[in-house]
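In: Sequence and computational prediction follow.
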Amino acid sequence: QVQLVESGGGLVQAGGSLRLSCTASASVSWLIINTADWHRQAPGQPQRELVASFRKDGRPYYVDSKKDRFTISTDTAKNTVYLQIDSVKPEDTGVYYCAANIWTAATGSQNYWGQGTQVTVSS
């Protein structure tokens, strides 16, 4: 079974930076992260909005409003996807979720979500 675990959230002052991590683990020895997304759920909002993605061609994608301050990256050796947020703003506050399409020999390619990590930006 594959699990995604996010970390790196917390309370940060406006203007600061933080890096979120999303690590995939499985009971098998080898997995491949095909694609990965970061989503944000704002306080009081039921829906999650896409923030950044790593596509199959290996190129990152960002929603227009996040291009200048958000950076998505991967470390394949650690099965980890990162989201760097610079010059954080109060409107970045929310729960950040990682979603990924992951292949293992046992399950083939499946979609998974992490449990989320809370980011709170103080002004």
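Out: Nice, thanks for sending it over.

In: Quick check: buried residues in the helix or strand bottoming out on mean pLDDT in the chain?
Out: Within the chain, confidence by mean pLDDT, DSSP states H and E is lowest for strand 60-62 among all helices and strands, at a mean of 89. Buried residues in strand 60-62, defined by neighbour count with 16 or more other C-beta atoms under 10 Å: Tyr62. For the C-beta atoms, the positions are set from N, CA and C on the backbone; glycine is no exception.

In: What segments of this structure are strands?
Out: Ranges of strands in the chain, per DSSP state E, are 2-7, 10-13, 18-26, 32-41, 49-54, 60-62, 70-75, 80-85, 94-104, 108-113, 117-122.

In: chain center to the fourth one: distance?
Out: Read it as strand 32-41. 5 Å (C-alpha atoms, centre = their mean, to the nearest Å).

In: got the angle between it and strand 94-104?
Out: Counting by axes from the mean of the first three to the mean of the last three C-alpha atoms, to 10 degrees, strand 32-41 lies at 160 degrees to strand 94-104.
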